[in-house]
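**Student:** Could you work out the structure for the sequence below:
(one chain, ligands or ions: 1)
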Amino acid sequence: MKNGFFRGHGLGNDYVVMDPTELTFTLTPGKIRGICDRHWGLGSDGILALVPSKKADFGLRIYNPDGSEAEKSGNGLRIFARYLHATGKTKKRAFTVETKGGLVSIALHIDRHGDAAAATVEMGRATFQPSALPCTLSVDELIQQPIEAAGRALQFTGVSVGNPHCVIFKQAGETWTREELLALGPVLENHPLFPKRTNVQLAVPTGPKEIFILIWERGAGETQASGSSSCAAASAAVRLGLVKGPVTVKMPGGTLNIEVARDFSLTMKGPVAEVARGALSPSFVRTLR
Ligand SMILES: N[C@@H](CCC[C@H](N)C(=O)O)C(=O)O
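**Tutor:** Residues are numbered from 1 along each chain as shown. Here you go, the predicted model:
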């Protein structure tokens, strides 16, 4: 379909999927911002573009609503998997996807209606090395490093799961507020320690195998859930000895299950929903800059 789209969400983290071969325009940063605008466009936490791959069954490019490109997205990968299944682009129940943040394997869980209602994604390995995010600190690993933001002296654990994350823990029994997220999120996202910016998680252990996180996404702001954030926060919690795996990660939008192997290989399992399919109207496309 000309200028067609598929819209889905993972725990309230919503994406629009598009096949650039069906578009009458190129997905430039300006056009991405226009489509993702919550008032003037379709509104979305990002755009997922199907691209060819020589290494995997499918290729995926991930765009943030500010027009920047992300290397990986956990919820985005589950939504992309549902799109591939729902639109008949694959008949397989397990396949591989190449992202800029590495190659992942996905297994679909089909419900009684024949829909891919959930997916398990092998998300790759977490690393705490500064060069992977990148982060300008000269340390071997970004474990509980000091950082100042919004007038507060904090400690962060830096994790790359293909894309960069800055995880800040409070102690069990304490809580993070939304006001703290809105104050700290944008400052940490754009902190000079992170030349390519970063995703931010305000985390707290809530059980021996459970954490709660609030999320500020690079290029998107506050989101209800994030798969790569869940992987990063779970890895950090295990690395710091705060919890044991598999880790249940609770977020405002719901829960993901993250297995953290001894080598920090990550497996994410969670639900995914389709919302709509349609086409951008020609008059809207003409307004995109
Ligand atoms: N919502 C995503 C993460 C999307 C990418 C992120 N904003 C970035 O720039 O790295 C997820 O579910 O992982």
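**Student:** drop to CA atoms for contacts and neighbour counts, all remaining ones
**Tutor:** OK.
**Student:** what about the helices in this protein?
**Tutor:** 29-36, 74-86, 178-189, 227-239, 282-287 (DSSP state H).
**Student:** Out of these, which is closest to Val17?
**Tutor:** Proximity to Val17 (C-alpha to C-alpha) singles out helix 74-86 among the helices of the chain, at 6.9 Å.
**Student:** quick one, that closest one and helix 227-239 angle?
**Tutor:** For helix 74-86 against helix 227-239, the angle by axes from the mean of the first three to the mean of the last three C-alpha atoms, to 10 degrees is 130 degrees.
**Student:** Contacts for helix 74-86, please.
**Tutor:** 6, 8-10, 13, 15, 17, 48, 62, 90-92, 106, 108, 115-121, 123, 225-228, 268, 270-274 (C-alpha atoms under 8 Å, 6 or more residues apart in numbering).
**Student:** these two touch, right, Val238 and Thr248?
**Tutor:** No: assessed by C-alpha atoms under 8 Å, Val238 is found out of contact with Thr248, at 11.7 Å.
**Student:** does stretch 177-193 come close to the ligand?
**Tutor:** No: Stretch 177-193 stays out of contact with the ligand when judged by C-alpha under 6 Å from any ligand atom, the minimum separation being 9.7 Å.
**Student:** before we move on, what about stretch 127-145?
**Tutor:** No: counting by C-alpha under 6 Å from any ligand atom, no contacts exist between stretch 127-145 and the ligand, the nearest distance being 10.1 Å.
**Student:** in that stretch, what's buried?
**Tutor:** For stretch 127-145, a neighbour-count test (16 or more other C-alpha atoms under 10 Å) marks 127-135, 141-144 as buried.
**Student:** now the end-to-end length of that stretch.
**Tutor:** 15 Å (C-alpha to C-alpha, to the nearest Å).
**Student:** and Leu188, what does it touch?
**Tutor:** For Leu188, the contacting residues are 149, 166, 198, 200, by C-alpha under 8 Å, 6+ apart.
**Student:** List just the nearest of those residues to the ligand.
**Tutor:** The closest of these to the ligand turns out to be Thr198 (C-alpha to the nearest ligand atom; 6.9 Å).
**Student:** Please tell me I have it right and the closest one contacts Arg218.
**Tutor:** Yes: counting by C-alpha under 8 Å, Thr198 touches Arg218, with 5.5 Å between them.
**Student:** Could you tell me how many residues sit around Arg239?
**Tutor:** Counted with other C-alpha atoms under 10 Å, the neighbours of Arg239 add up to 17.
**Student:** oh, I was asking about Lys55
**Tutor:** Lys55 is flanked by 11 other residues according to other C-alpha under 10 Å.
**Student:** mind listing what it touches?
**Tutor:** Residues in contact with Lys55 (C-alpha under 8 Å, 6+ apart) are Glu98.
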